[in-house]
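# With the input below, show me the fold.
(6 chains)
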Protein chains: 4
Amino acid sequence: MARKRVGNKREKIINAAAKFFGEKGYHNTTTSEIAEAAGVAAGTIYIYFTSKEELIVAVFEEFLGRHMERLQTGVESVDGPIARIRRLMTLGLELMESNPESAKIFLSQLRQSTTMIKTVAKRSSRAYNDIIESVLADGMAKGVFRQMDTTHVASMLFGAYQMTVLEWVASDCSYPLAEKAKELSDFVLVGLACETPKGDQ
Amino acid sequence: MARKRVGNKREKIINAAAKFFGEKGYHNTTTSEIAEAAGVAAGTIYIYFTSKEELIVAVFEEFLGRHMERLQTGVESVDGPIARIRRLMTLGLELMESNPESAKIFLSQLRQSTTMIKTVAKRSSRAYNDIIESVLADGMAKGVFRQMDTTHVASMLFGAYQMTVLEWVASDCSYPLAEKAKELSDFVLVGLACETPKGDQ
Amino acid sequence: MARKRVGNKREKIINAAAKFFGEKGYHNTTTSEIAEAAGVAAGTIYIYFTSKEELIVAVFEEFLGRHMERLQTGVESVDGPIARIRRLMTLGLELMESNPESAKIFLSQLRQSTTMIKTVAKRSSRAYNDIIESVLADGMAKGVFRQMDTTHVASMLFGAYQMTVLEWVASDCSYPLAEKAKELSDFVLVGLACETPKGDQ
Amino acid sequence: MARKRVGNKREKIINAAAKFFGEKGYHNTTTSEIAEAAGVAAGTIYIYFTSKEELIVAVFEEFLGRHMERLQTGVESVDGPIARIRRLMTLGLELMESNPESAKIFLSQLRQSTTMIKTVAKRSSRAYNDIIESVLADGMAKGVFRQMDTTHVASMLFGAYQMTVLEWVASDCSYPLAEKAKELSDFVLVGLACETPKGDQ
DNA sequence: AATGAATGAGTCTTCATTCAT
DNA sequence: AATGAATGAAGACTCATTCAT
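Got it, this is the predicted structure:
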């Protein structure tokens, strides 16, 4: 039965890498342990990826790319800016919950250093932000949301979302993440409503 | 009048380390370059710190500890939950702006991996969160803020704050961070006000 | 009329190997690139040769063997030791010129290290030397050449020949090698003439 | 008595490297074995040399530079082109004989591949050639030597010299190299004398 | 306390070779 | 015979840490 089925090795390596990168970070993960966990020889990694760095890039593209697609689709499946923001938050949390591995990567690797990694991380988070921003702009145009700096607000909103996931991961995923969806949506939605803070002097 | 006090070297090492850790990350910084930048011998670092890891811990404690103190003082200098939230956000951004190095550490190192680092990072962000949370709890008790999961809301608020700083750092500090303070405060304050999102079905 | 004879692949591999070994040296050439250039799969090389080392041995045998044959024939086509030395030098340079690849191998690989290579290289250069030596011995017997240590003189002569080729290769074959033939022959021939150096004290 | 005397480590490394490079060639020598033979840790090599390549360059410079100096001095200590050629050949063989290690490097590494090595090797052999060439030019100017292409003749002469050494090394230094000096000098000197080959048709 | 040369374990990466198809 | 994906041993180089001075 020879040297295994063809085609699933790249996938196995990406999965193993995702697991370790998420858990221990890029620098604390050795290519050897990735290889071992993936059930391949050390050198095999270098058949599919030219370097360790290219591997983490692939991990990003794989996981976040997958998220983006589903978020985009999800958002378009409902109408109205408010519903869309709710959908975005809820779906985002669901995706994270169904794949804690990718959640960890999403959180921990987002801000590493080497240039290439940086680039991809930025691209990924920009993709997230873009989706949010377009919903905001739409809501603003329709008069549902107040006037705002959509870029800045989108990233604040993204920050609130991220921290929601981070708390959950830090708790070792000890509760259903979905239950935070309402609070998250409420929090961000009020901030977008057509009025200024009240009770303020 | 020897200007060099005792402790001078420890301080110099911490400053040099902060600079490099912020710029290039923990793993891409060597102890040798820290030593060189600090103007001490490679071995000297190990007189003040038992390991590289302890050094980054010290950097965290130093910088974030300093922040905490000033945030705490700043918050207590005004009255009322709403004003305090405003003060917190504004002062936080000011502190970051006046010390971009620490801003970078705050952002990029917060989510590394090795256990010890994790612990400290968590401790630091918890400190931040604690300040926020106590203001929230107070506001809730006084009926100024709506009922909420203060822990979760505090961290979302912290997330919005973080992303505001991140955007600024990513832009190479190309604009005055302070100008984002109002939008940030407004955003988080509405989310806390005593009402539910409107326009929602 | 299938143009591909059996043995075609072996030949292609040897040619590709010769090219790379000559250009980049044994150690800087990978079996994969040889395979690619030869238009065969990586594993195919190991059907024809048991190892990379055996491959370079084959390259030597192939090219230098070919030279030897032609040199031998060429030498025998003229009469008299002096004419033969001239023929040897001229023909040798012609062969090198018509095949710069083999010239490079001849020069650069002659003195590698691993035992087996050493052995073959020695064998090859010995073959060269043998031809020269036999002409020398003949000339000495016939009284045309002076008494000498034919082995030593043969190798000095070979050295002069080699350096003539090396200079040419080092110049990127920028001039016709043949034009050095007369000087080379003159140089070595005087050294063989029946007299002692004059003008010497 | 601590970590040995300072200053002799670089030398020890160079000596160990010279030994192995000469015996087994650059590519078949590992930095670890050099370190071990030099009695230092693997990493120590990289305190003194930035790379393995820089190490072999240093080996070249060290040994051949030393030769050049002594050859130059030796040549200048006698008068007249003929005597100088004799001196050059004799002294050269003596130097090789007194240091077989360097003889091996001189022979085996002279024609490796990587660019930097090539460069240095070329520089070294050029230095040798330059000394020879200047003596030839002088002799030609004084009418002691015939008209010739000094560059080409110098390198042929160098080739004869090299092969004399190579034969000796190949014989495992089994005889006194010095005894070949006369034959070598005679051979090259006749080739330089003011006449054309005789007995030629 | 301070130095900085030395250490050596640890890592990524290469590449000759194998073997199921 | 031919393929080429997979192997895994080996090697150059890095860098946190030590310790004699």
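# When you work out contacts or count neighbours from here on, use the C-alpha atoms and nothing else.
Will do.
# Give me the contacts around the helix-or-strand element of chain A with minimal mean pLDDT.
Confidence across the helices and strands of chain A bottoms out at helix A:100-108, with a mean of 76, counting by mean pLDDT, DSSP states H and E. For helix A:100-108, the surrounding residues in contact (C-alpha atoms under 8 Å, 6 or more residues apart in numbering or on different chains) are A:18-19, A:21-23, A:25, A:60, A:63-64, A:96-97, A:162, A:165-166, A:169, A:173, B:111-113.
# how far off helix B:100-108 does that helix point, in degrees?
180 degrees (axes from the mean of the first three to the mean of the last three C-alpha atoms, to 10 degrees).
# Could I get the CA-only coordinates of helix A:100-108 as CSV?
C-alpha atoms of helix A:100-108 as CSV (Å, rounded to 0.1, in the frame of the first residue of the first chain):
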residue,chain,number,x,y,z
PRO,A,100,-10.6,26.5,18.1
GLU,A,101,-7.4,25.8,16.3
SER,A,102,-7.9,28.5,13.8
ALA,A,103,-9.2,30.8,16.5
LYS,A,104,-5.8,30.5,18.2
ILE,A,105,-3.9,31.3,15.1
PHE,A,106,-6.3,34.1,14.4
LEU,A,107,-5.5,35.6,17.8
SER,A,108,-1.9,34.7,18.5
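# List, one by one, the residues from chain A near DNA strand E.
Within chain A, the positions near DNA strand E by C-alpha under 7 Å from any atom of the strand are A:1-3, A:27-32, A:42-44, A:46, A:50-53.
# PyMOL command for the buried members of the residues you listed?
Buried subset of the residues of chain A next to DNA strand E, written as a PyMOL selection, criterion 16 or more other C-alpha atoms under 10 Å in any protein chain shown:
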select buried, chain A and resi 29+31+52
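# Of the residues of chain A next to DNA strand E, which belong to helices?
A:T31, A:S32, A:Y46, A:K52, A:E53 (DSSP state H).
# hang on, isn't the second one packed against A:A42?
Yes - with contact defined as C-alpha atoms under 8 Å, A:S32 reaches A:A42; the gap is 5.5 Å.
# Show the residue spans covered by the helices in chain A.
A:9-24, A:31-38, A:45-48, A:52-76, A:81-98, A:100-108, A:115-141, A:150-170, A:181-190.
# And the contacts of the third one?
Pointing back at helix A:45-48 there. Contacts of helix A:45-48 (C-alpha under 8 Å, 6+ apart): A:R10, A:I13, A:T31, A:A35.
# wait, does it contact DNA strand F?
Yes - using C-alpha under 7 Å from any atom of the strand, we find that helix A:45-48 touches DNA strand F at A:I47.
# burial of A:S155, as a residue count?
Residues near A:S155, counting by other C-alpha atoms under 10 Å in any protein chain shown, number 26.
# Is it in contact with B:A160, as I believe?
Yes - the pair A:S155 / B:A160 is scored as a contact, 7.2 Å apart, by C-alpha under 8 Å.
# quick revisit: confidence-wise, which of the helices of chain A is weakest overall?
If those are sorted by mean pLDDT, helix A:100-108 sits at the bottom with a mean of 76.
# give me the residue from chain A nearest DNA strand F.
Proximity of chain A to DNA strand F (C-alpha to the nearest atom of the strand) peaks at A:G43, 3.2 Å away.
# Roughly how far does that residue sit from A:F49?
Per C-alpha to C-alpha, to the nearest Å, A:G43 is found 10 Å from A:F49.
# Are there residues contacting both of the two? Which ones?
By C-alpha under 8 Å, 6+ apart, A:G43 and A:F49 have no common neighbours.
# Tell me how far A:V153 lies from B:T90.
Distance from A:V153 to B:T90, by C-alpha to C-alpha: 16 Å.
# Which residue would you name as the spatial centre of chain A?
A:F106 (4.6 Å; C-alpha atoms, centre = their mean).
# What is the burial count for whichever residue of chain A sits closest to chain C?
Of all residues in chain A, the one sitting closest to chain C is A:I47 (13.3 Å; C-alpha to the nearest C-alpha). A:I47 has 10 neighbouring residues, counting by other C-alpha under 10 Å.
# now swap in A:E94 and tell me
A:E94 has 16 neighbours, counted by other C-alpha under 10 Å.
# Same question for A:A154.
Count around A:A154 with other C-alpha under 10 Å applied: 26.
# Leaving out the residues flanking it, which one is nearest to it?
A:E133 (5.4 Å; C-alpha to C-alpha, 6 or more residues apart in numbering or on different chains).
# Next one: the one you found from C:M89, what distance?
Where C:M89 is concerned, A:E133 sits at a distance of 81 Å (C-alpha to C-alpha).
# So those two - more neighbours on which side?
More neighbours surround C:M89 than the other of A:E133 and C:M89, with 25 against 22 (other C-alpha under 10 Å).
# In contact with the more buried one, which residues?
C:Y161, C:A181, C:L184, C:S185.
# Many thanks, I have nothing further to ask.
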